[in-house]
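Asks: sequence and predicted structure, then a few things I'm wondering about:
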Amino acid sequence: MITLTGEYIRSLNSREDRRLESADRAADREAEVKARQDVRVQALADEQRSFQRDTLLELQEQLSDFLRLGGEAVHHDRQAWRAAGEPDHYPVSLLPEGVSDGYNVLQRRIQILTQRVNDDELRAMVTLFVDLSTASTNAKSMVDADRFETECVLQFRSTNECIGSLLRMRPTSGELPT
């Protein structure tokens, strides 16, 4: 009877040991799963930060090219208007093919990049910049073209400063980057 009781107690202890080992293994598996998930989340956040940075850098370059080409378009219109004797209608000629085509290509690229940006304020600023640039090239008078071009340059400065600020920003732990 004592042997039977001893075996029974050993059996209970053995079961309890197996249950505890099983619980420990389950906790270890959960910890491993959580660690892998944390690594994936961090990798995704790093990828998002990198994507946003690359997008902002390319957008900044495209905006600069767009401003230059818009200025070239306005300059061409101004020169053609003066060469035509400053008539009442403005502009007096079409833009050169390279300027017009390049301007359209840049505008589309900027629109694509703008939609990738994770910042509502910057998207609004870029949209205003593009609208002002387009207004300067579509103006019906020299005075309007000059006014829109001046506003466009000022908007470019603000937009460029915003991009620079976003590029310098360091995300805090757990925060999704812009």
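Replies: Now that the structure is in, tell me what you want to look at.
Asks: who are the packing partners of the longest helix anywhere in the chain?
Replies: Using DSSP state H, we find that the single longest helix of the chain is helix 2-83. Other helices and strands packing on helix 2-83, by 3 or more C-beta pairs under 8 Å, 6 or more residues apart in numbering; DSSP states H and E, are helix 97-116, helix 120-138, helix 142-168. Where you see a C-beta, it was placed from the backbone N, CA and C, and this is true even at glycine.
Asks: could I get the ones you listed as a markdown table with mean pLDDT?
Replies: Formatted as a markdown table, the helices and strands packed on helix 2-83 follow (pLDDT from 0 to 100):
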| stretch | mean pLDDT |
| --- | --- |
| helix 97-116 | 94 |
| helix 120-138 | 96 |
| helix 142-168 | 95 |
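Asks: just say which of the ones you listed is most tucked in.
Replies: Highest mean neighbour count among these (mean count of other C-beta atoms under 10 Å): helix 120-138, with a mean of 18.
Asks: would you format the helices and strands packed on helix 2-83 as JSON lines with distance to residue 16 included?
Replies: Formatted as JSON lines, these follow (distance: least, C-beta to C-beta, whole Å):
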{"stretch": "helix 97-116", "distance to residue 16": "57"}
{"stretch": "helix 120-138", "distance to residue 16": "58"}
{"stretch": "helix 142-168", "distance to residue 16": "58"}
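Asks: before we move on, the earlier item: pLDDT on the longest helix of the chain, on average?
Replies: Helix 2-83 comes out with an average pLDDT of 85.
Asks: wait, doesn't residue 93 sit right on residue 79?
Replies: No - between residue 93 and residue 79 there is no contact under C-beta atoms under 8 Å: 9.4 Å.
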